[in-house]
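Q: Got a sequence here, can you model it:
(chains A and B)
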Amino acid sequence: MALKRFLAHKAAVVSCVVIGLLTLFVVLAPFTSRYGINEAVQGPPNSFLTPRSKAWLGTDDIGRDIYSRLIYGVRVSLLIGLVSALISVTLGALVGATAGFRGGKFDDIMMRVTDLFLAFPFLVTLLILRNVLGALPWLKPLTGEMDTVRFIIVLFSIFGWMSVARIVRGQVLSLKEREFVEAARAVGASRRYIIARHLLPNSIGPIMVSLTFSVVGAIIGESTLAFFGYGPQAGAGATSLGILVGAAKGAVQTGFWWLAVFPCGTLIIIALSINFIGDALRDATDPRLDRGV
Amino acid sequence: MENIDCGLEKVREETVLRYIFRRLAWAIPTLVLVTFLVYIALRIGTDPVESYKRSNPRVTKAKVQQYIDINGLDPNYVRGYFKWLKNFLTGNWPRSIKGSREVWPKLKDAMANSLRLGVAASVVGISFGLVIGVIAALRPGGRRDVIINTSAFVGISIPPFISAIMFQLLFAVYWQRWFGYSLFPTSGVYPAGHTGFNLFLMLKFMALPTLVVAIQTIAGYSRYMRSSLLDVINSDYMRTARSKGISERKILIKHGMRNALIPVVTLAALDIGGILGGLIITENIFSYPGMGLYFLKSFGDGDFPLLMPWMVIIVASILLFNLIADISYAWLDPRILLD
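A: Take a look at the predicted model:
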């Protein structure tokens, strides 16, 4: 039933197809890309070639094929986005549900803390958090060095769980007063049982919406970090979507438009599609149907 | 109706005033607590002493100790914080680690630049956004509405640095190629070497960054206003007003707008609180010397004396506007004070 409402959003359905195809394409990377990630297209001269049959989207400063690098880069970025989103949503849902259900001091403190955290400018918190995470020696086993993909995933997981927690808390607050919760309580169900078996399953809607928006947030966040040179530098010329977009800045002045247009275009398409899906999910799972559109 | 409400009005003012007072009383301790946390984060994250030694490689032990003292970088964080706080409040600000420059002049300029950009973009963005949102809400589901909704959606999906780069490409590079001159400049506040105040030039240089930020703002606010207004239009008390026979136009203006604006106004207050720090990306791309570039440079250098005052300003403005948002929401809709 929610599925039917979802399918009514044409943009979202198209986005699903787009993302599905993209993921498939990217997962089958060794087959779909034409060159290795660090491989020059041909012997020199090979830098900054315009799009042509040998390199469909042109080449970069040392002659590597943009098309292939884009595929590998999107793979890394999608990985970062998905894994960190899954972790933050799990964490956030648990904390948010507990806070919403228990109420009291715990809930109060959590709300004020997340309020403050979320009020700060995004990039400032991200950069400071990144530095703090990287400087605490006892976290090293978990996160690895500051320029690994693992570090970025941990960073975004920590960053993302707060918004999810707030959303789930809100949902739990409205569910708390319903009869089935009261009934469960009357039968003597423990708090944990109620949260796990009643509240969380009934919050699946907002949780899935948060999931999609967390993925977009992480992907765009990773691009932003890489733009300033703080992104993952996994060795040997490996790349991410963010790094490719970051290179676009220099391309503007020199007029090598393909270095900017294709990575940025891919990022826009990915962000738009995931946003469409999230929006449609939100409409599909929102019980308030009489909103005019 | 006004006469009957008289008694209730007085009660309402009293509870709101008490709420305001309570929030104000909490404001100072919150400010202290948050700046303390920021102090800790910066000390852990940027290692101020190491950065100082890195920027001045031939510095003596005595000088390092002096740096530690005036910046409040004691090994004990709490004691160090209060030392820093005392220096900060008495105006005794330590100088930058690079070239020993004074902090306040740089900070002041950066603040002025960012404020100009932020306020301009906010004013343009919010006013256009609200108007467009209202237009969309007037005929929900119609063609105008769908177009507005989709474009707004695209607008908020495109990260600002991408639109910034695209605009740079379009207006500076390609316009130049096609038409032989650069329509809008893409960096800085004035052309290199320019001194003094020139309104026209300033506006010309501000045009692109403002446009980039305004797009995001317009997109966001039009969606928000639209949904808020739709919520209000379809609500019960509007139905009551209609059934009483009041004309549709009067309904919209008197009841609809006022109630729809409440959440939007609070959102605007929160957004404005974040202006100073929220333009980092745009400023970086357009080389606009505001608070954002200031932060990036000092953070990259690990320049503690430059960073702390910056953070204090940011925290203060966020807390201030959070306060304003809460107070105005309580004033406009006292029902939230009920719990």
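
Q: Quick one: end-to-end length of stretch A:133-147, please.
A: For stretch A:133-147, the first-to-last residue distance is 12 Å (CA to CA, to the nearest Å).

Q: Can you give me the buried ones in it?
A: By 16 or more other CB atoms under 10 Å in any protein chain shown, the buried positions in stretch A:133-147 come out as A:Leu133, A:Gly134, A:Thr143, A:Gly144, A:Met146. For every residue, glycine as well, the C-beta is placed using N, CA and C.

Q: ok, the spatially most central residue of chain B - contacts?
A: In chain B, the centroid-proximal residue (CA atoms, centre = their mean) is B:Ile275; its distance is 1.8 Å. B:Ile275 makes contact with B:Ser114, B:Leu115, B:Gly118, B:Val119, B:Ser122, B:Ser317 under the criterion CB atoms under 8 Å, 6 or more residues apart in numbering or on different chains.

Q: Could you identify the buried members of those residues?
A: Buried among the contacts of B:Ile275 (16+ other CB under 10 Å): B:Ser114, B:Gly118, B:Ser122, B:Ser317.

Q: which one of the residues you listed is nearest chain A?
A: Set against chain A, the nearest of the buried ones among the contacts of B:Ile275 by CB to the nearest CB is B:Ser317 (10.2 Å).

Q: Any residue of the one helix or strand the closest one maps to touching chain A?
A: Taking DSSP states H and E as the criterion, B:Ser317 maps to helix B:304-332. Yes - part of helix B:304-332 sits near chain A under the criterion CB under 8 Å from any CB of the partner chain, namely B:Ile314, B:Ile318, B:Asn322.

Q: Make CSV out of these and add pLDDT and neighbour count.
A: Converted to CSV, the residues of helix B:304-332 next to chain A look like this (pLDDT from 0 to 100; neighbours: other CB atoms under 10 Å in any protein chain shown):
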residue, pLDDT, neighbour count
B:Ile314, 89, 23
B:Ile318, 88, 22
B:Asn322, 84, 21
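
Q: Point out where chain A drops to low pLDDT.
A: A:1-2, A:37, A:40-41, A:43-46, A:234-237, A:252-253, A:286-293 (pLDDT under 70).

Q: next helix or strand past the helix ranked longest in chain A?
A: Criterion DSSP state H: the longest helix present in chain A is helix A:66-102. Per DSSP H and E, helix A:66-102 leads on to helix A:104-119 as the next helix or strand towards the C-terminus.

Q: In that next one, which residues are buried?
A: Taking 16+ other CB under 10 Å as the criterion, helix A:104-119 shows A:Asp107, A:Met110, A:Thr114, A:Leu116, A:Ala119 as buried.

Q: by contact count, what packs against it?
A: The helices and strands touching helix A:104-119, judged by 3 or more CB pairs under 8 Å, 6 or more residues apart in numbering or on different chains; DSSP states H and E, are helix A:66-102, helix A:149-176, helix B:304-332.

Q: Let's have the residues of helix B:304-332 next to chain A in JSON lines, adding distance to A:Leu199.
A: Formatted as JSON lines, the residues of helix B:304-332 next to chain A follow (distance: CB to CB, whole Å):
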{"residue": "B:Ile314", "distance to A:Leu199": "37"}
{"residue": "B:Ile318", "distance to A:Leu199": "32"}
{"residue": "B:Asn322", "distance to A:Leu199": "29"}
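
Q: now, which of those sits nearest chain A?
A: B:Ile318 (5.0 Å).

Q: Out of the buried ones among the contacts of B:Ile275, list just those in helices.
A: Those of the buried ones among the contacts of B:Ile275 lying in helices (DSSP H): B:Ser114, B:Gly118, B:Ser122, B:Ser317.
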